[in-house]
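# Got a predicted structure here, sequence first:
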Amino acid sequence: MRLLSYNIRFGGLGREQALAAVIKQVAPDLVVFQEAIHPDVIERLAQATDFSFWAARRNHSIGYISRTEIAYHEWHYPAGARHPFLEVVPKGSETRIFGLHLSARFSKWDERRRAREIRALLAGIKRHQDGFHILVGDFNTLAPGEVLETKRMPAWIRALIWVSGRKLERETIQVMLDSGYLDGYRLMHKEDNGYTFPTWDRRVRLDYVFIPRSFEARLLKCEVINHPEMRAASDHCPLLIELEL
């Protein structure tokens, strides 16, 4: 399966043509969206890309379009999470794909909130953790050891970092690693920075895929899709993942 994770920025309204062009160029089997807050946009993207199946809810960040039939999908609402996460199960497979979008902003307080959100999500899917599943989406945070070039960030972000102690916490991704998951991009690319945001001046990696350590061999590919024409579509570069189901 070719899976695309794509934050389409503010619902993608008015940018359907540009978004559809990106999706058609990549040719995935399934697209998990973040900021998919307008179901009519998701429906138009499904039609424009010839995907037969789709789901979205108004003001819900996570939605999807799919070429192949989906056996089951459900939104889940962990306590304290800003956005519900979406569970998707392709027909004919026991693979579970969990799409998520964690709280934004750069400060130690927001990082603590993201860590609470991811712990709540992991608790919510605990019954599935022995089977093959992945977590994918916009985590809005940095992995341990990765560098953030604060001088190139907007003034309001630099201000948040300053007032919260001039140091960004890296708790959320560490929670994932400590819970037995592998960072899919870092597994495939030891040295590449993997920046996904913003498209016009990439300088930070916010988009991730995590796979249980015991299923490492099921991850075949993980790439950041970056082309100049994508800047008109969204502020995030999509992440392409190939899986052996």
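Good, I have the coordinates.
# Which parts of the protein are helices?
Under the criterion DSSP state H, the chain contains helices at 16-26, 39-48, 108-124, 155-163, 171-178, 184-188.
# Can you list the buried residues in the fifth one?
So that's helix 171-178. Within helix 171-178, the residues that qualify as buried are 171, 172, 173, 175, 176, counting by 16 or more other Cβ atoms under 10 Å. Placement of C-beta: from N, CA and C, glycine included.
# which other residues reach that helix?
102, 111-112, 114-115, 117-119, 122, 135, 139, 141-144, 183, 208, 210 (Cβ atoms under 8 Å, 6 or more residues apart in numbering).
# The last one too?
Outside helix 184-188, the residues within contact range by Cβ under 8 Å, 6+ apart are 134, 143, 194, 205, 208-211, 216, 219, 221-224, 239, 241.
# Pick the one among the residues you listed closest to residue 39.
For these, the minimum distance to residue 39 (Cβ to Cβ) is 22.8 Å, reached by residue 239.
# Not counting its neighbours along the chain, what's nearest the residue nearest the centre of the chain?
Taking Cα atoms, centre = their mean, the centroid of the chain lies closest to residue 137, which sits 1.2 Å from it. Leaving aside its sequence neighbours, residue 137 sits nearest to residue 100 (Cβ to Cβ, 6 or more residues apart in numbering; 4.2 Å).
# count of neighbours near that neighbour?
26 (other Cβ atoms under 10 Å).
# Just confirm it contacts residue 78, I think it does.
No: contact criterion Cβ atoms under 8 Å: residue 100 and residue 78 do not qualify, at 9.5 Å.
# any residues in contact with both of these two?
Common contacts of residue 100 and residue 78 (Cβ under 8 Å, 6+ apart): 85, 121.
# For residue 19, list the residues it contacts.
The contact partners of residue 19, taken as Cβ under 8 Å, 6+ apart, are 6, 8, 12, 45, 233, 234.
# what about 6 Å?
Residues in contact with residue 19 (Cβ atoms under 6 Å, 6 or more residues apart in numbering) are 8, 12, 45, 233.
# Now tabulate the helices of the chain in a markdown table and tack on distance to residue 62 and mean pLDDT.
As requested, these are exported to a markdown table (distance: least, Cβ to Cβ, whole Å; pLDDT from 0 to 100):
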| stretch | distance to residue 62 | mean pLDDT |
| --- | --- | --- |
| helix 16-26 | 16 | 97 |
| helix 39-48 | 10 | 98 |
| helix 108-124 | 12 | 88 |
| helix 155-163 | 24 | 54 |
| helix 171-178 | 17 | 94 |
| helix 184-188 | 18 | 97 |
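# Go through those helices and name the closest to residue 2.
Using Cβ to Cβ, these put helix 16-26 closest to residue 2, at 7.6 Å.
# Convert the closest one to CSV, retaining C-alpha atoms only.
This file holds the C-alpha atoms of helix 16-26, laid out as CSV (Å, rounded to 0.1, in the frame of the first residue of the first chain):
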residue,chain,number,x,y,z
GLU,A,16,-8.5,21.7,-4.5
GLN,A,17,-7.0,21.8,-8.0
ALA,A,18,-3.4,22.2,-6.7
LEU,A,19,-3.9,19.5,-4.0
ALA,A,20,-5.4,17.1,-6.5
ALA,A,21,-2.4,17.7,-8.8
VAL,A,22,0.0,16.7,-6.0
ILE,A,23,-2.0,13.6,-5.1
LYS,A,24,-2.3,12.5,-8.7
GLN,A,25,1.5,13.0,-9.2
VAL,A,26,2.3,10.8,-6.2
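# Make residue 1 into 24 and carry on from there
From this message on, residue numbering opens at 24, which makes the last subject helix 39-49.
# Quick check: buried residues in it?
Buried positions in helix 39-49, judged by neighbour count with 16+ other Cβ under 10 Å: 39, 41, 42, 43, 44, 45, 46, 49.
# I am finished for the moment; much appreciated.
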